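Enquirer: Kindly generate the corresponding structure for this input.
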Amino acid sequence: MSRKNILSGSPWEDKMGYCRAVRIGNVIEVAGTVAIVDGEKVKANDAYAQTDNIIERIAKVLEEAGASLNDVIRTRIFTTDILYFDDIARAHGGYFKDIKPATGIYEISQLVAPDYLVEIEFTAIIQ
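Expert: This is a model prediction of the structure:
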């Protein structure tokens with residue numbers, strides 16, 4: 001079975017030794033992904049916009065791997081404050097309402113930078 005690494009161009013990929021996603025056979029694992037916080041469309045205090053940005057960007061990563069959001073079977077959502085649950089759920093539901101992957105949401109003490117409120121991992125299987 002061949003392995004395909006999908007890189008995003010982030011400087012952290014070489015520094016940390018990882019890639020955005022890995023596809024082996026029909027399985028795709030997507031690394032924990034945070035939003036691109038730009039202060040306009042995606043703000044540091046907007047969990048909905050951050051979640052939306054993450055999923056929108058990962059849809060493109062999945063496409064590069066030969067899949068789509070319809071192939072996602074699991075998401076793991078990490079947040080710095082579980083009180084953001086409703087905003088995160090609304091954004092996640094906007095993409096996955098009919099797909100319904102297995103999903104967990106976990107409150108953690110912090111992410112890699114204080115502007116990040118949400119990080120999501122994805123697993124997809126192409127049928």
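Enquirer: The top helix by length along the chain - contacts with which helices or strands?
Expert: Taking DSSP state H as the criterion, the chain has its longest helix at helix 47-64. Contact partners of helix 47-64 among helices and strands, from 3 or more C-beta pairs under 8 Å, 6 or more residues apart in numbering; DSSP states H and E: strand 21-24, strand 27-34, strand 72-79, helix 85-96, strand 118-125. In this view, the C-beta of every residue, glycine as well, is placed from N, C-alpha and C.
Enquirer: want to try a markdown table for these, with mean neighbour count and mean pLDDT as columns?
Expert: As requested, the helices and strands packed on helix 47-64 are arranged in a markdown table below (neighbours: other C-beta atoms under 10 Å; pLDDT from 0 to 100):
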| stretch | mean neighbour count | mean pLDDT |
| --- | --- | --- |
| strand 21-24 | 18 | 97 |
| strand 27-34 | 20 | 97 |
| strand 72-79 | 20 | 98 |
| helix 85-96 | 16 | 98 |
| strand 118-125 | 21 | 98 |
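Enquirer: Let's have the ones you listed in a markdown table, adding distance to residue 50.
Expert: Listed next are the helices and strands packed on helix 47-64 as a markdown table, based on distance: least, C-beta to C-beta, whole Å:
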| stretch | distance to residue 50 |
| --- | --- |
| strand 21-24 | 19 |
| strand 27-34 | 7 |
| strand 72-79 | 9 |
| helix 85-96 | 8 |
| strand 118-125 | 5 |
